[in-house]
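Asks: No sequence on hand, only this structure:
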């Protein structure tokens, strides 16, 4: 989530993020320089950092609406994995949520810093970056990620 967090903060500070379509970055999820990393560990960090990113960057009104909704969906996903007897996947989500609860004081300091240089409201920012979403497309993406996760 480093790139997303960085872009979010750049936008909040009133700057632009440029997309250069002729540039390529190859990113293989879960690999270090020389070896494949544990997918549970990689996804745990992704869930943990996404929660932290939302907490640091969103205004209070959107923090309540978006982060609460996000955590609710994560809890449903954890339950889904639990029902499928995929305990390590269910656990990684719960651990990510718990990590954020246990580190709330450190995260609050980071949040104050980010909010102090905010030049744009979330509403202004969302007008420029938000797009509608298709639930069917999201579920297809989830199925694709799940298929890759099993490898």
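Replies: That came through fine. Here the structure is a predicted model, which means the values were calculated and not measured.

Asks: now for the helix or strand where residue 74 lies, which elements pack on it?
Replies: In this assignment (DSSP states H and E), residue 74 forms part of helix 68-83. Here helix 68-83 is seen to pack against helix 39-57, helix 87-102 when contacts are counted using 3 or more Cβ pairs under 8 Å, 6 or more residues apart in numbering; DSSP states H and E. The way it works is simple: take the backbone N, C-alpha and C, and place the C-beta from them, glycine included.

Asks: Assumed residue 118 was part of a helix.
Replies: No: secondary structure assignment places residue 118 outside any helix; it is coil (DSSP: H, G, I helix; E, B strand; the rest coil).

Asks: check contacts around it.
Replies: 12, 13, 59 (Cβ atoms under 8 Å, 6 or more residues apart in numbering).

Asks: can you tell me which residue is nearest the centre of this protein?
Replies: residue 50 (2.5 Å; Cα atoms, centre = their mean).

Asks: Surely that residue is in contact with residue 70?
Replies: Yes: Residue 50 lies in contact with residue 70 (Cβ atoms under 8 Å); the separation is 7.4 Å.
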